[in-house]
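Visitor: Whatever this is, show me its structure:
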Amino acid sequence: MSIKILAVDDSGVMRSMAVKFLKQAGYDDVVTAKDGLDAIEKLQEHIFDLIISDWNMPRLDGLELLRWIREDSGYQDIPFIMATAQGDKSQTEIIYKEGGAHITKPYSADELKQKILDVFEGTSETDQPIERKIVDGKVVIRAVHIQITDHLALGVLKHQIDSGQIAPKHFSLETFCKPGWNPVQQMIESGQADIAFILAPLAMDLFAFDVPIKMVSLAHKCGSCFVRNINYKTVGYESLYRFYKWKEIIIPHKMSIHHLLAHKFLTELKLKPGLPEKNAPINVRFEVMPPIKMPETLQQDYIAGYIVAEPLGSKGIKMGLAELQSLSGDMWSNHPCCAVVMRQDFIDEHPEAAQEFVSLLNQAGQFIHHHHHEAANIAVPFLDPQQSLGLTSEVIQKVLEQPNGIQYNDLYPSVEELDAIQQYMHYQMNIGRLINVKDFIDFRFIDKAMEEIAAASQSQEPPA
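Guide: The predicted structure is shown next:
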C-alpha cells in the first residue's frame with residue numbers, strides 16, 4: 001500500500017477521478033502527468049513502483065509511453081496499467097502484446113484496487129469460473145446487472161420469485177448488482193455468471209472475439225437520457241453548435257448505444273466528435289466514466305453533458321446541474337440498448353432452465369408495462385440496495401411513464417437494428433468488428449416466450 005504511483009491522463013477531470021479512486025483504494029502516494037511526455041519528465045524526477053496511464057493523449061499517447069518504457073533499460077520493469085476508454089477486445093490485445101495490463105473505463109475504486117493487486121500478485125481468484133450448483137433439482141442461475149432502470153425486468157422477476165408469486169420449475173435465481181460495466185463483462189466472460197444484462201454493442205464485441213455467449217432477449221428498448229449542462233440556459237449560447245464545440249461529453253462505455261447516439265447527434269450539428277486519439281481532428285471529446293459518477297461532473301464548465309441510462313439523467317436534472325437535451329427514444333424510436341446474454345455452456349446443459357428464464361423475464365417486462373407504480377416500488381431496493389443513488393419510487397415511476405421512454409413490452413431482438421448499430425460504429429466511428437448477427441442470437445427461447453405471451457393475451461389471462 002506504500003507504493004508510489006504515476007497517474008497519466010490528459011483530462012483534468014479524469015486525473016482527479018484517478019487520484020480520488022486511488023486514495024479510496026488506500027494508495028496515497030500519487031503523482032500525476034498530463035500526457036506521455038510529461039510522464040517521462042516525472043519518471044526522471046521520481047522513482048515509481050507503478051504507472052497507470054490513459055491511452056488517448058496528445059503529444060505522446062499511452063501506447064507510445066508503454067513502448068518507450070519497455071524499451072528503456074532504466075524503466076522497463078515498472079508495471080504498467082492502461083486505464084482507457086479503448087474497451088473493445090481488439091485494443092486490449094494490443095496492450096497485452098506490448099507488455100501492459102489493462103482496465104477499461106469506466107472503473108470503480110474497488111476494480112482499480114483489484115487490478116493493482118492482480119498486477120503485483122498474479123491472476124485474481126475472481127477470474128476463475130464458478131461451478132454451477134443444483135439445489136432441490138433446480139440449477140442456480142447467476143445473473144449480473146448494473147444500477148439502471150434498463151435492468152428492472154430482472155428485478156421484477158427476482159421479486160416475484162422471492163415473494164412466492166411464481167415458483168420456477170427448473171431454476172432458482174441469484175443476482176449480482178455491479179457499479180459499472182467492467183465487472184459485468186468480466187463475470188460473463190470468465191464464467192462467474194451464467195447470464196448478463198449488458199450493452200448490446202459490448203456483447204457483440206465479445207462474441208466477435210469468441211467469448212461463448214448468445215443473446216436470448218433484449219433487456220429493454222430505449223430508456224436513456226441525454227442531458228446538457230445547465231450553462232446552456234444560464235449563459236445563453238447562440239446555438240448548440242457553439243455550446244458543444246471544444247467541450248467534453250461523458251458516455252458510459254465506448255461500446256455502447258449511448259456513444260453511437262451522441263456521435264450521430266453531434267455529427268448532425270456539423271461537429272467532429274470522438275475519443276481523444278492522437279492527432280484526431282475532433283472538436284468535441286468523449287470521455288468514459290461510471291454512470292453513477294456522471295451527474296457531479298456537470299459542476300465543471302467544460303463538461304457539456306452526458307448520455308446515460310435512466311434514472312441518472314433525471315438525477316442530474318433534479319440536482320439543478322442539467323437540462324434535458326433529448327430522450328434516446330426521441331433520437332431513435334424503439335431502439336435496442338441492453339442485451340440479455342447467456343453462456344453457451346449453460347444453454348447446452350440447462351435448456352429447460354434457459355427457456356423458463358426467458359419466458360418469465362418477458363412476462364416480467366409485461367408486468368412493468370402494465371403496472372408502473374408497483375414496478376417502481378420494486379425497483380428502489382433492487383437497483384439501489386444501499387441507497388447510494390438516493391433513488392425514490394416517485395422518480396422511477398416518472399421514468400417508466402415518460403412518452404418515448406423505456407419500454408419492456410416487446411423484448412424481441414431485431415437482427416436489422418442490431419446490425420445497423422454495428423455497421424454505424426464500424427464504418428462511421430471506426431470501432432468494433434462486424435459479426436453475423438443471426439449467429440449471435442439464439443431465437444428459440446424468445447420465440448416460445450412470445451408465443452406464450454400471445455396465448456395468455458388471447459385467453460385474457462395476462463401473465464402474473
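
Visitor: What is the burial count for the residue lying closest to M450 once chain neighbours are set aside?
Guide: Nearest residue to M450 in three dimensions, chain neighbours excluded: Y412, at 6.1 Å (CB to CB, 6 or more residues apart in numbering). Quick note: C-beta positions are derived from backbone N, CA and C, even for glycine. Y412: 15 surrounding residues under other CB atoms under 10 Å.

Visitor: what do you get for D61?
Guide: 22.

Visitor: Would you agree it is in contact with D10?
Guide: No: look at D61 against D10 with CB atoms under 8 Å: they stay out of range, at 9.0 Å.

Visitor: what is in contact with these two at once?
Guide: D35 (CB atoms under 8 Å, 6 or more residues apart in numbering).

Visitor: So, low pLDDT: which residues of the stretch 101-250 of the chain?
Guide: Counting by pLDDT under 70, the stretch 101-250 of the chain has low-confidence residues at 123-128.

Visitor: residue boundaries of the strands in it?
Guide: 101-104, 134-135, 138-146, 171-178, 195-199, 213-218, 224-229, 247-251 (DSSP state E, counting those that start in this stretch).

Visitor: Tell me which of the ones you listed lies nearest to N404.
Guide: For N404, the closest of the strands of the stretch 101-250 of the chain is strand 224-229, at 11.1 Å, according to CB to CB.

Visitor: distance between whichever helix or strand comes after that closest one and the chain's centre?
Guide: Downstream of strand 224-229, the first helix or strand assigned by DSSP states H and E is helix 231. The chain centre lies 27 Å from the centre of helix 231; the measure is CA atoms, centre = their mean, to the nearest Å.

Visitor: Check which helices and strands helix 231 sits against.
Guide: Of the remaining helices and strands, none touches helix 231 by 3 or more CB pairs under 8 Å, 6 or more residues apart in numbering; DSSP states H and E.

Visitor: contacting residues around that helix?
Guide: With CB under 8 Å, 6+ apart as the criterion, helix 231 contacts Y237, F243, D301.

Visitor: which among those end up buried?
Guide: F243 (16 or more other CB atoms under 10 Å).

Visitor: export the contacts of helix 231 to JSON lines and tack on distance to K97?
Guide: As requested, the contacts of helix 231 are exported to JSON lines (distance: CB to CB, whole Å):
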{"residue": "Y237", "distance to K97": "45"}
{"residue": "F243", "distance to K97": "41"}
{"residue": "D301", "distance to K97": "39"}
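
Visitor: Restricted to helices, list the contacts of helix 231.
Guide: Judged by DSSP state H, helices contain the following of the contacts of helix 231: F243.

Visitor: Tell me which of the strands of the stretch 101-250 of the chain is the most buried.
Guide: A comparison of the strands of the stretch 101-250 of the chain by mean neighbour count, using mean count of other CB atoms under 10 Å, puts strand 195-199 on top with a mean of 29.

Visitor: tell me the angle of it relative to strand 171-178?
Guide: Per axes from the mean of the first three to the mean of the last three CA atoms, to 10 degrees, the angle that strand 195-199 makes with strand 171-178 is 40 degrees.

Visitor: In terms of secondary structure, what does strand 195-199 contact?
Guide: Checked by 3+ CB pairs under 8 Å, 6+ apart, strand 195-199 has strand 138-146, helix 181-190, strand 338-343 packed alongside it.

Visitor: how about these in JSON lines, adding distance to D419?
Guide: Putting these into JSON lines (distance: least, CB to CB, whole Å) gives the following:
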{"stretch": "strand 138-146", "distance to D419": "25"}
{"stretch": "helix 181-190", "distance to D419": "22"}
{"stretch": "strand 338-343", "distance to D419": "13"}
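
Visitor: and S108, which of these is closest to it?
Guide: helix 181-190 (7.9 Å).

Visitor: how about the CA coordinates for the closest one, as CSV?
Guide: C-alpha atoms of helix 181-190 as CSV (Å, rounded to 0.1, in the frame of the first residue of the first chain):
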residue,chain,number,x,y,z
TRP,A,181,-19.8,-2.5,-17.0
ASN,A,182,-16.3,-3.8,-16.3
PRO,A,183,-17.4,-6.4,-13.7
VAL,A,184,-20.4,-7.4,-15.7
GLN,A,185,-18.2,-8.1,-18.7
GLN,A,186,-15.6,-9.9,-16.5
MET,A,187,-18.2,-12.1,-14.9
ILE,A,188,-19.9,-13.3,-18.1
GLU,A,189,-16.6,-13.7,-19.9
SER,A,190,-14.9,-15.7,-17.2
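
Visitor: Show me how far it is from its chain's centre.
Guide: The answer for helix 181-190 is 10 Å, by CA atoms, centre = their mean.

Visitor: Verify the contact between the residue nearest to M450 and F445 for me.
Guide: No: counting by CB under 8 Å, Y412 stays clear of F445, with 11.1 Å between them.

Visitor: Overlap of the contact sets of those two?
Guide: Joint contacts of Y412 and F445 (CB under 8 Å, 6+ apart) are S217.

Visitor: check contacts around the spatially most central residue of the chain.
Guide: Centroid check for the chain by CA atoms, centre = their mean gives W181 as the closest residue, at 3.8 Å. W181 makes contact with G87, T104, P106, I146, I198, L199, L202, P252, H253 under the criterion CB under 8 Å, 6+ apart.

Visitor: Now do the fifth one against M215, distance only.
Guide: Separation of I198 from M215 (CB to CB, to the nearest Å): 9 Å.

Visitor: Equivalent analysis for the third one, please.
Guide: Remark: distance between P106 and M215 (CB to CB) = 23 Å.

Visitor: go on, S2?
Guide: Applying CB to CB to S2 and M215 gives a distance of 46 Å.

Visitor: Over to Q114?
Guide: 28 Å.

Visitor: And E394, by the same measure?
Guide: 33 Å.

Visitor: Could you tell me which residues touch both of I198 and M215?
Guide: Shared contacts of I198 and M215, defined by CB under 8 Å, 6+ apart, comprise A339, V341.

Visitor: ok so, going back, and A280, which of the helices and strands packed on strand 195-199 is closest to it?
Guide: Using CB to CB, the helices and strands packed on strand 195-199 put helix 181-190 closest to A280, at 23.5 Å.
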